[in-house]
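1. coords below, sequence missing:
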């Protein structure tokens, strides 16, 4: 009986019991897998990978390609789950931005669901006629003076301007100015086209010139120019039928912005924002009529 009083025997029996319990629990987990370990691939996932492929390659995937897409989706899901298990998604800027981007795409898809009626488009057109104006155009010639090559390009330009301003002034010769890779005769260009070539300040100056007269010097992104506008066309409102495609696009943009603003307003109301009072002056009021002064103060800055 002395044997039953040995501490070593008690330890061995306890260890065997624990081992038996662990083996039973492990068997049970194999028989009934946890929901966290279950990965389902259904009709929705199959349709999504197929549509994604079709948008990129402009054709339906073959059976073998579809199988590869499903396997890639499974591998991606398994890796993502393992990464979350290891906590790799915590405090990761790339993951956070990717998730935010996916939510933004989801919001945009929701906004695209609605299709405008003809009356809605006409009402939008009437309320924003200034957005659907055919821009004015200018045709002009210019003489370029390179400030990097001349000691006083402005004085040289003014000297040529005096010569061109006389009643019997001949047409300007090629040797009056300096070479520029842009054509010296620009025809039927709107303000945006001129600004794209020469800069915004130059475009504004050209569209303010009186047609028929040599003027300048006018400064561009390249240097100085003498300019003569010989044809000017004023901007005019585009008829609804002519502008309809642009109306649809602008209407959709407006709807998308409205949906996004409404969604973020609700998000700011849904979540408790904890912020340091010291940043109130920097950040100002938040969307959704929620101001930093209305939320809980925190001693250690923004809470995660």
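-> Looks like it arrived, so ask away. None of the values given here were measured: they were computed from a predicted structure. Residues are numbered from 1 along each chain as shown.
2. For the protein, which segments count as helices?
-> 7-31, 43-57, 63-85, 93-112, 118-127, 153-165, 191-198, 200-207, 240-270, 280-283 (DSSP state H).
3. Show me what counts as buried in the third one.
-> For helix 63-85, a neighbour-count test (16 or more other C-beta atoms under 10 Å) marks 69, 73 as buried. Every residue, glycine included, has its C-beta placed from N, CA and C.
4. Please enumerate residues in contact with it?
-> Outside helix 63-85, the residues that touch it by C-beta atoms under 8 Å, 6 or more residues apart in numbering are 39, 41, 45-46, 49-50, 53, 61, 89.
5. Would you write a PyMOL line that selects the buried entries of those residues?
-> Command for PyMOL that selects the buried part of those, burial taken from 16+ other C-beta under 10 Å:
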select buried, resi 49+50+53+61
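6. how about the contacts of helix 63-85 in TSV, adding distance to residue 152 and pLDDT?
-> TSV is the format used below for these (distance: C-beta to C-beta, whole Å; pLDDT from 0 to 100):
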residue	distance to residue 152	pLDDT
39	76	72
41	76	75
45	72	80
46	73	82
49	68	83
50	69	87
53	64	87
61	68	88
89	64	77
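7. so which of the helices of the chain comes closest to residue 221?
-> helix 191-198 (6.1 Å; C-beta to C-beta).
8. Output the below-cut-off pLDDT ranges for the stretch 51-200 of the chain.
-> 110-114, 167-175 (pLDDT under 70).
9. contacting residues for residue 244?
-> Residues near residue 244 by C-beta under 8 Å, 6+ apart: residue 121.
10. List the buried residues in stretch 198-211.
-> Taking 16+ other C-beta under 10 Å as the criterion, stretch 198-211 shows 198, 202-203, 205-207, 209 as buried.
11. Now tabulate those residues in CSV and tack on distance to residue 74.
-> Output for these, formatted as CSV (distance: C-beta to C-beta, whole Å):
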residue, distance to residue 74
198, 56
202, 58
203, 56
205, 62
206, 61
207, 60
209, 66
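12. before we move on, back to that, for residue 242, state which of the contacts of helix 63-85 is nearest.
-> The closest of those to residue 242 turns out to be residue 53 (C-beta to C-beta; 37.7 Å).
13. picking that back up, show me which pair in the contacts of helix 63-85 is furthest apart.
-> 61 and 89 (29.8 Å).
14. contacting residues around residue 228?
-> Residue 228 neighbours (C-beta under 8 Å, 6+ apart): 140-142, 164, 212-215.
15. of those, buried ones?
-> Buried members of those, counted by 16+ other C-beta under 10 Å: 140-142, 164, 214-215.
16. Farthest pair within those?
-> 140 and 164 (13.7 Å).
17. circling back to that earlier point, any chance of the contacts of helix 63-85 in CSV, with distance to residue 177 too?
-> Listed next are the contacts of helix 63-85 as CSV, based on distance: C-beta to C-beta, whole Å:
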residue, distance to residue 177
39, 72
41, 70
45, 66
46, 66
49, 61
50, 61
53, 56
61, 60
89, 62
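18. quick check, nearest of the contacts of helix 63-85 to residue 118?
-> residue 50 (34.2 Å).
19. So what are the structural domains in the protein, by residue number?
-> 2-32, 37-90, 135-236 (automatic domain parsing).
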